[in-house]
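**Q** Can you look at this prediction? I've put the sequence above it.
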Amino acid sequence: MRELDGPVQVRAVGERLGLDASVHGKLEPLRAKTTKFAARGWLHKRGDGRFTARP
């Protein structure tokens, strides 16, 4: 999250990690993890569905 500039979508994170973003099933586990990290306070989930890193 910190390497990417500004709020990012899960698709951008997946592409950065080398996942095939064109396949919906490849991004769903990553989406679940980022949502879980946001619930724990490690990330911030914005209202538009994008994520940012906590300082």
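**A** Sure, I can see it. A quick note: this is a predicted structure, and the numbers were derived from the prediction, not measured.

**Q** Okay, residue 7 and residue 25: tell me how far apart.
**A** 24 Å (C-beta to C-beta, to the nearest Å). The C-beta positions use only the backbone N, C-alpha and C, and glycine is treated the same way.

**Q** Comparing these two, which residue is more hemmed in?
**A** In this view residue 7 and residue 25 are compared by other C-beta atoms under 10 Å, and residue 7 has more residues nearby, 16 against 7.

**Q** correct me, but that one touches residue 52?
**A** Yes: applying C-beta atoms under 8 Å, one finds residue 7 in contact with residue 52, separated by 4.9 Å.

**Q** check contacts around the residue sitting nearest the centre point of the chain.
**A** In the chain, the centroid-proximal residue (C-alpha atoms, centre = their mean) is residue 10; its distance is 3.5 Å. Counting by C-beta atoms under 8 Å, 6 or more residues apart in numbering, residue 10 makes contact with 27, 30-31, 34, 51.

**Q** Let's see that with 6 Å instead.
**A** Counting by C-beta atoms under 6 Å, 6 or more residues apart in numbering, residue 10 touches 27, 30-31, 34.

**Q** Now the buried members of the residues you listed.
**A** With neighbours counted using 16 or more other C-beta atoms under 10 Å, those contain these buried positions: 27, 30-31, 34.

**Q** Helices - which of those residues land there?
**A** Per DSSP state H, helices hold the following members of the buried ones among the contacts of residue 10: 27, 30-31, 34.

**Q** Quick check: residue 21 is in a strand.
**A** No: going by DSSP: H, G, I helix; E, B strand; the rest coil, the assignment for residue 21 is coil, not a strand.
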